[in-house]
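> Need coordinates for the below:
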Amino acid sequence: MKAKYFLPTKVIFGEKSFQQLFGELKDANVAKPLVVCGKHFTSSFKFSSLEENLPVFESFTDVESNPSTQTVDRAAQVLNEKGCDAVIGIGGGSVMDAAKVVAAMKNSGKKSEDFYRRISVKEKVPFFALPTTSGSGSEVTKYSVLTLPDGSKKTLRSDKFYAKVAIIDPELTYTVPRETTAASGIDAFCQAVEAYWSRNAMPETDKFAQEAIRLAYHNLFKVVNDPDKAARYNLSLASLRAGQAFSNTGTTACHSTSYAFTKYYGLVHGFAVAITLPWFFEFYSLKSGEKCMEISNILGAKTIRQGREKLTELLRSIGAPTGLEEIGCPRSDFPKLVEMCLVNRPANPRKHTAKDIERMLNELY
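Prediction:
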């Protein structure tokens with residue numbers, strides 16, 4: 001039996017929609033929220049708006065890129081010790097991934113690492129998500145990727161992690177630096193592509209994924225190199241649509257193989273995902289030729305090979321690496337990369353073997 005589309009999060013999209021947060025908090029009877037955000041956000045006009053509109057709130061500003069389980073535990077400690085009754089996440093994917101788990105740790109008495117053994121939520125406070133980047137889509141998904149003490153990244157997934165309300169205000173992305181815009185934007189593009197060719201795809205996710213692919217492809221270069229409000233708006237919408245798609249399909253091998261490039265070479269997540277996208281596009285076309293051909297057509301290409309070339313051109317146009325030598329990966333590392341990249345996700349349209357991964361690494365060098 002085919003799965004039904006499910007997304008319990010209330011989605012609010014549009015410029016100046018940030019201000020709707022306060023009405024949503026009032027409707028939810030929130031008295032003392034914990035605001036999880038980046039340090040830079042505390043000096044913004046929007047943070048001043050929080051101070052003006054919220055009589056009482058606590059803040060946690062120490063979420064790093066690729067958030068660790070230890071950081072999530074420290075934020076949860078603030079939630080519990082200060083008696084907060086909601087979590088507001090304002091930031092990029094790292095903040096979203098951390099904040100949604102914190103919201104599920106009210107009076108838990110456990111560490112977030114325990115969730116990898118069993119996700120048992122004693123009490124959950126409402127989570128309000130406001131992304132400041134156009135990329136992760138985490139504001140509308142049940143996924144959280146945290147970094148364990150050994151440096152490995154691992155995904156948590158639970159319906160308990162869905163936000164109560166996601167507010168996507170393109171204005172929050174206006175001041176995002178160029179490289180962050182590029183890395184987060186290409187992440188959204190990859191999520192849309194992976195959702196579209198996923199074995200878990202359904203008509204609803206296909207519709208969202210197609211819109212996201214088109215919007216991201218035609219606006220990402222502009223946003224990275226010569227941004228204006230229209231392009232920022234379109235990329236924010238692309239990111240939302242990608243999230244609405246892969247929230248139900250999950251991601252595929254581009255994401256599972258990305259963890260190795262981030263762990264060993266410090267490659268930012270979006271670029272780590274995108275570096276293998278052109279290769280997997282052609283690899284999957286042998287199993288999902290119709291879907292890959294449709295993606296090619298969206299990109300303005302008439303063949304799979306041309307589609308792969310279009311993807312590589314897009315990466316180069318935004319300054320993303322397209323080869324392993326560029327990221328400081330020596331061939332001598334291939335054996336450990338093959339081992340780490342062997343994970344086959346259920347959503348993958350085609351299984352890969354050690355020989356496939358080895359061939360991919362050699363072709364990307």
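> contacts and neighbour counts: CA atoms only from here.
OK.
> tell me the domain boundaries of the protein?
Under the assignment automatic domain parsing, the domains of the chain span 10-172, 177-363.
> Out of those domains, which is closest to Lys4?
The minimum distance between Lys4 and those falls on domain 177-363, with 8.3 Å, by C-alpha to C-alpha.
> picking that back up, which stretch among the domains of the chain comes nearest Ala3?
By C-alpha to C-alpha (comparing all of the domains of the chain), the closest turns out to be domain 177-363, at 8.2 Å.
> what about that closest one, distance to the chain center?
Averaged C-alpha coordinates place domain 177-363 at 12 Å from its chain's average position (C-alpha atoms, centre = their mean, to the nearest Å).
> Quick check: end-to-end length of it?
From its first residue to its last, domain 177-363 covers 31 Å (C-alpha to C-alpha, to the nearest Å).
> could you pull out the helices for the stretch 101-250 of the chain?
Assigned by DSSP state H, counting those that start in this stretch, the helices in the stretch 101-250 of the chain fall at 178-197, 203-225, 229-249.
> what's the closest of these to Gly83?
Across those, closest to Gly83 is helix 229-249 (C-alpha to C-alpha), at 30.5 Å.
> which strands and helices sit next to that closest one?
helix 178-197, helix 203-225 (3 or more C-alpha pairs under 8 Å, 6 or more residues apart in numbering; DSSP states H and E).
> can I get the helices of the stretch 101-250 of the chain in TSV with distance to Gly307?
Putting the helices of the stretch 101-250 of the chain into TSV (distance: least, C-alpha to C-alpha, whole Å) gives the following:
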stretch	distance to Gly307
helix 178-197	12
helix 203-225	12
helix 229-249	20
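> Of all those, which one is nearest Thr353?
So among the helices of the stretch 101-250 of the chain, helix 178-197 is nearest, using C-alpha to C-alpha, at 18.8 Å.
> Which strands or helices does that closest one pack on?
For helix 178-197, the packing partners by 3+ C-alpha pairs under 8 Å, 6+ apart are helix 203-225, helix 229-249, helix 269-274, helix 289-298.
> could I get the ones you listed as TSV with mean neighbour count and distance to Val140?
Output for these, formatted as TSV (neighbours: other C-alpha atoms under 10 Å; distance: least, C-alpha to C-alpha, whole Å):
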stretch	mean neighbour count	distance to Val140
helix 203-225	21	13
helix 229-249	26	6
helix 269-274	26	18
helix 289-298	18	23
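> Let's have these in CSV, adding distance to Ile90 and mean pLDDT.
Formatted as CSV, these follow (distance: least, C-alpha to C-alpha, whole Å; pLDDT from 0 to 100):
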stretch, distance to Ile90, mean pLDDT
helix 203-225, 21, 98
helix 229-249, 15, 98
helix 269-274, 19, 97
helix 289-298, 32, 96
